[in-house]
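Visitor: missing the sequence, but the structure's below:
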């Protein structure tokens, strides 16, 4: 009582996807039975602008104990909505009409294997391409043409993760940085070539959080279960990228959360089990400011 006035509410089905807000519309996904539904809502009323429903039975062998998804958040970019379902259904949907422009089933087309708890990474936009963690042999990461969906490049055989690719710029060079199951890697987004890799493992092969880039210090922050948090400095020398671990700390284990960076500090919920503490850590030296 006395809290913020409720303007509207509406039910959705089962969902881990968060909500993207663009041009006074809300975009998210949810599940009903064996279907996944991508929905655009009027942000003022919560009413449907459009829905796009497609069949999405769970992949064989997927463990539904933590839910049947979908897990990933839609990417809204350049008039399209790009979604990645828990069973590997990738869709490009017109932002205004809700009609499917193109789609791929990465299990059937690339021999991908669904992660134990289903696909969870969101697509990433770069110039004319949509970059996605697929997890197939020689197709761990795939770049699709954003307009018609044809494959621009596919590379590597790293085991898939639950994280999402992220673009950084190192001394004028664009790189895609992403967790895989047992390492964090840097790629050339133009062709998918591997620029560097750095081992970061835990017993479950579950790397989830997005890395955080501090351009001023050239420090890459990443964190997970067991291994804790790391601060690694990236230096570009010609065509090569050199890595130096500046600090590591097991006092911070941002695991499931998306951490937030403000200035020199990274904030998040640390811990594998209850209780989990909200904490701040300095990205440059790894010192915990408070918990």
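Guide: Sure, I can see it. Remember, predicted model here, so these are calculated numbers, not experimental data. Numbering: from 1, shown residues only.

Visitor: not counting sequence-adjacent ones, nearest residue to residue 115?
Guide: Nearest non-adjacent residue to residue 115, counting by CB to CB, 6 or more residues apart in numbering: residue 160, 5.3 Å away. Using the backbone N, CA and C atoms, a C-beta is placed for each residue, glycine as well.

Visitor: no no, residue 207
Guide: residue 179 (3.8 Å).

Visitor: isn't that neighbour right up against residue 166?
Guide: No. Between residue 179 and residue 166 there is no contact under CB atoms under 8 Å: 9.3 Å.

Visitor: more neighbours: which of these two?
Guide: residue 179 (27 against 16; other CB atoms under 10 Å).

Visitor: give the contact list for that one.
Guide: Counting by CB atoms under 8 Å, 6 or more residues apart in numbering, residue 179 makes contact with 161, 163, 200, 207, 208, 209, 210, 211, 222, 224.

Visitor: Serialize the residues you listed to a markdown table and add fields for pLDDT and neighbour count.
Guide: Output for the contacts of residue 179, formatted as a markdown table (pLDDT from 0 to 100; neighbours: other CB atoms under 10 Å):
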| residue | pLDDT | neighbour count |
| --- | --- | --- |
| 161 | 89 | 24 |
| 163 | 90 | 25 |
| 200 | 84 | 21 |
| 207 | 79 | 27 |
| 208 | 78 | 20 |
| 209 | 83 | 24 |
| 210 | 86 | 20 |
| 211 | 90 | 23 |
| 222 | 87 | 24 |
| 224 | 78 | 25 |
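
Visitor: out of those residues, who's nearest residue 231?
Guide: For the contacts of residue 179, the minimum distance to residue 231 (CB to CB) is 8.7 Å, reached by residue 222.

Visitor: partners of the helix or strand where that closest one lies in the sheet?
Guide: Using DSSP states H and E, residue 222 falls within strand 219-224. In the sheet, strand 219-224 lines up against strand 212-214 (antiparallel), strand 228-237 (antiparallel) (DSSP bridges).

Visitor: alright, I will stop here.
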